[in-house]
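Undergrad: structure for this input, please:
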Amino acid sequence: MTSTTPKPSGGLPIRLLLVVLVATLLDALASVQIARASLGWLPVPASTAAPYVDGLFQVEVGIGAFIFLGCVGFILWAVIFNRAEKYDETDGLPIEGNTKLEIIWTVIPFVIVMVLAYQAIHVSETLSALGPKAKYDVEGGLSPETKERVDPIQAYGPIQVLARQWNWEFVYPNGVRSSELHLPIDQRANFQLSSEDVIHGFYVPAFRLKQDIIPGSVISYSITPTREGRYRLRDSHFSGAYFSQNQADVVVQSPEAFNTWLDQAARHPLVPGFSPATALYADRLARGDKGWATVKPAPPPMVNDPGTPDAPHDA
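TA: Alright, predicted model coming up:
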């Protein structure tokens, strides 16, 4: 019996090679444009760390777009130009065990992963130099001697960042307490992050900064803001019923405006700070304490400046 299976041709025709080259070039150009446009998907960059994170993001988006467009384009080409005729039930080309193809689809992903790994390691090392991080397993904060060692080239700090269920409190070196974080622009500020209950996440999208806060530990972290404005600090960890409300503003301002704010805040008496979970919990109790069980929110912090939580923010 004569086999009806088609035989593979001896090589690729020039016309097909040209089509593949043109398609690859168009795919590459489209991927570059998508990578450039991807920065518009992110919040405004507002720290020295942001350009490095954004650059890595662009590389990943560009590679992903190239692969996605290539696969979709190949599928569309096959559907439009290489469909079998109606009632054609013959087998396709016998390409099982194609060594060249197997090498290609092994080498290309390997190269892509190595490029991304190299870029990611380079960015990680750069961020470590821009904002050194250290974890101290201590109770009750750091000693004065340790506070001086955590970041010897800090320009301002340390600022104590206290996370609770569900509010934030910021304590400055001169003793001022606030419900929103104020920072001077272009100065390396050191944070000392601690939690009074469960794991929280210190996340400022505009800074490209995300740091877990572990109970029983103090984490030192430094960042340099580079753009004046009002940004949003969010709790990136699920820390209980009202964690989505555990947000605060980060105000980056000129050194003169920052010092003026510090002096004015130091003269203000302590008042209850921003704590939206308190009102939400009171409303829950007024409705009969129904629904999933939750812990009682920590009381609002007593601060010199409760901030302006309704003010519009950039990101």
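
Undergrad: can you confirm Q154 is in a strand?
TA: No. Counting by DSSP: H, G, I helix; E, B strand; the rest coil, one finds Q154 to be coil, located in no strand.

Undergrad: enumerate every residue touching it.
TA: 188-190, 222 (CB atoms under 8 Å, 6 or more residues apart in numbering). Using the backbone N, CA and C atoms, a C-beta is placed for each residue, glycine as well.

Undergrad: repeat that for R177.
TA: Residues near R177 by CB under 8 Å, 6+ apart: 169-171, 270, 273, 301-305.

Undergrad: that one and F274, how far apart?
TA: 12 Å (CB to CB, to the nearest Å).

Undergrad: middle-most residue in this protein, spatially?
TA: R208 (5.4 Å; CA atoms, centre = their mean).

Undergrad: so how far is P45 from that residue?
TA: Distance, R208 to P45, by CB to CB: 7 Å.

Undergrad: quick one: contacts for the nearest residue to L280 once chain neighbours are set aside?
TA: Sequence neighbours aside, Y242 is the residue nearest to L280 in space, at 5.7 Å (criterion: CB to CB, 6 or more residues apart in numbering). With contacts defined as CB under 8 Å, 6+ apart, Y242 is in contact with 165-166, 276-277, 280-281, 294, 297.

Undergrad: so where's the stretch 51-200 of the chain uncertain?
TA: 95, 138-150 (pLDDT under 70).

Undergrad: again, only using 80
TA: Across the stretch 51-200 of the chain, the ranges flagged by pLDDT under 80 are 92-98, 131-153.

Undergrad: quick one: the helices in it?
TA: All helices of the stretch 51-200 of the chain, identified by DSSP state H, counting those that start in this stretch, fall at 99-130, 144-149.

Undergrad: which residue sits closest to the residue nearest to the centre of the chain, ignoring its sequence neighbours?
TA: V53 (4.0 Å).

Undergrad: ok, that neighbour - contacts?
TA: 123, 127, 208.

Undergrad: let's have those residues in TSV, adding distance to S254.
TA: Listed next are these as TSV, based on distance: CB to CB, whole Å:
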residue	distance to S254
V123	29
L127	25
R208	22
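
Undergrad: which among the contacts of Y242 end up buried?
TA: 165-166, 276-277, 281, 297 (16 or more other CB atoms under 10 Å).

Undergrad: biggest separation within the residues you listed, which pair?
TA: Q165 and P276 (12.2 Å; CB to CB).

Undergrad: rewinding a little: my read: the residue nearest to the centre of the chain touches D54, true?
TA: Yes. R208 is within contact range of D54, at 7.4 Å (criterion: CB atoms under 8 Å).

Undergrad: so what sits against both of the two?
TA: What both R208 and D54 touch, as defined by CB under 8 Å, 6+ apart, is the set P45.

Undergrad: would you map the strands across the stretch 101-250 of the chain?
TA: Assigned strands in the stretch 101-250 of the chain, in chain order: 133-136, 156-164, 167-171, 177-178, 181-184, 189-195, 200-204, 209-213, 218-223, 229-235, 247-253 (criterion: DSSP state E, counting those that start in this stretch).
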